[in-house]
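K.L.:
model the structure of this input:
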Amino acid sequence: YLSFYSTQQLEKRTSVFATTKSLHIVVAMIIFLLLFSLQTFIFEDLINIPVSVVSSAQSLYQIMAVGVLASVVTVPFNAQINANEDLGIDAVFSVFESLLKLISAFLIILFENQLVALGTLFVSVSWTMLIVKVVYCRIKYEECNLLNFKLDIALFKEMIGFTSWNSFGAICGVARVQGLAVVLNNFFGVYINAVYAIAVQVNGKLKEFSINIMKAFNPRIVKAESKGNREEMLHLSMLASRFSLLLYSVIALPIFFETNFMLSIWLGDYPDGVLT
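P.N.:
Next up is the predicted model:
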């Protein structure tokens, strides 16, 4: 949506960003409160985990709920960077975030409760990246006024219409993945959950690779449509689809045929049944 208005005057771009930012802050708070209000139901009635780890799981749940705040609020700043096609700095931020997570994974050996420690460190990384991106956007882009929380109702309605299908698809995707995890947990226990989690991790990383490729195309596709250049928009869309499929296949096919080897390198020992 920010790409759609990226060629407009500064006043319009400022209004769009302020509305987007305010909307995401409100959504983040709603999700945060909803997660905390559902905590008792989730741990007492919905999921099945050993009693010995309930306390750690609840602590991790609360920590990750705080992390959700950072993840949601970061969205408009990520969008601002992508809309301006600053792919170089986006790549730098991605590498920096990956390095911080790698360091966090090594640091957990210093803690007794490694599960909670890893969650805390990962959430700290999320908040660190939010602060870095906020500072960068404030310095780089004039429209990123952090103190402007004006919510343009007309623009808000237009924005909802613009993003409704994307949002619906994202919600359905999350519901499918997490819903299946809950079903597997209730009927088969945490062992099968571990197997499923590994499969989701692999699938997620493959999708992430494809999504990162689309980042280079999406701003130009939206800008072409905003200028009424439908022919260029369709050309870029087809080109992006072909590149995504080709590069996805380069990574996915070796993993598909050599899954056992890949898992042995990644995890060493892994639960029986992962491959099936």
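
K.L.:
tell me where the chain has helices.
P.N.:
10-37, 39-41, 54-83, 87-107, 114-140, 153-188, 190-226, 230-257, 259-266 (DSSP state H).

K.L.:
for the fourth one, C-alpha coordinates in PDB please.
P.N.:
This file holds the C-alpha atoms of helix 87-107, laid out as PDB (Å, rounded to 0.1, in the frame of the first residue of the first chain):
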ATOM      1  CA  LEU A  87      16.900  -3.600  -0.900                       C
ATOM      2  CA  GLY A  88      20.500  -3.200   0.000                       C
ATOM      3  CA  ILE A  89      19.700  -1.900   3.500                       C
ATOM      4  CA  ASP A  90      17.000  -4.500   3.800                       C
ATOM      5  CA  ALA A  91      19.500  -7.300   3.100                       C
ATOM      6  CA  VAL A  92      21.900  -5.700   5.700                       C
ATOM      7  CA  PHE A  93      19.100  -5.800   8.300                       C
ATOM      8  CA  SER A  94      18.300  -9.400   7.500                       C
ATOM      9  CA  VAL A  95      21.900 -10.500   7.800                       C
ATOM     10  CA  PHE A  96      22.300  -8.500  11.100                       C
ATOM     11  CA  GLU A  97      19.100 -10.100  12.500                       C
ATOM     12  CA  SER A  98      20.300 -13.600  11.500                       C
ATOM     13  CA  LEU A  99      23.600 -13.000  13.200                       C
ATOM     14  CA  LEU A 100      21.900 -11.900  16.400                       C
ATOM     15  CA  LYS A 101      19.700 -15.000  16.400                       C
ATOM     16  CA  LEU A 102      22.800 -17.200  15.800                       C
ATOM     17  CA  ILE A 103      24.600 -15.600  18.700                       C
ATOM     18  CA  SER A 104      21.400 -16.100  20.800                       C
ATOM     19  CA  ALA A 105      21.400 -19.800  20.000                       C
ATOM     20  CA  PHE A 106      25.000 -20.100  21.300                       C
ATOM     21  CA  LEU A 107      24.300 -18.100  24.400                       C
END
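
K.L.:
now do it: everything it contacts.
P.N.:
78, 81-82, 117-118, 121-122, 124-125, 128-129, 132-133, 136, 212, 215-216 (Cβ atoms under 8 Å, 6 or more residues apart in numbering). C-betas here are computed from N, CA, C, even on glycine.

K.L.:
among the residues you listed, name the buried ones.
P.N.:
78, 81-82, 117-118, 121-122, 124-125, 129, 132-133, 136, 215 (16 or more other Cβ atoms under 10 Å).

K.L.:
output those in CSV, with distance to Val202 and pLDDT appended to each entry.
P.N.:
Shown next, in CSV, are the buried ones among the contacts of helix 87-107 (distance: Cβ to Cβ, whole Å; pLDDT from 0 to 100):
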residue, distance to Val202, pLDDT
Asn78, 24, 87
Ile81, 27, 85
Asn82, 25, 80
Ala117, 24, 89
Leu118, 19, 87
Leu121, 22, 92
Phe122, 19, 90
Ser124, 25, 93
Val125, 21, 92
Met129, 23, 92
Val132, 28, 93
Lys133, 27, 92
Tyr136, 31, 91
Lys215, 21, 72
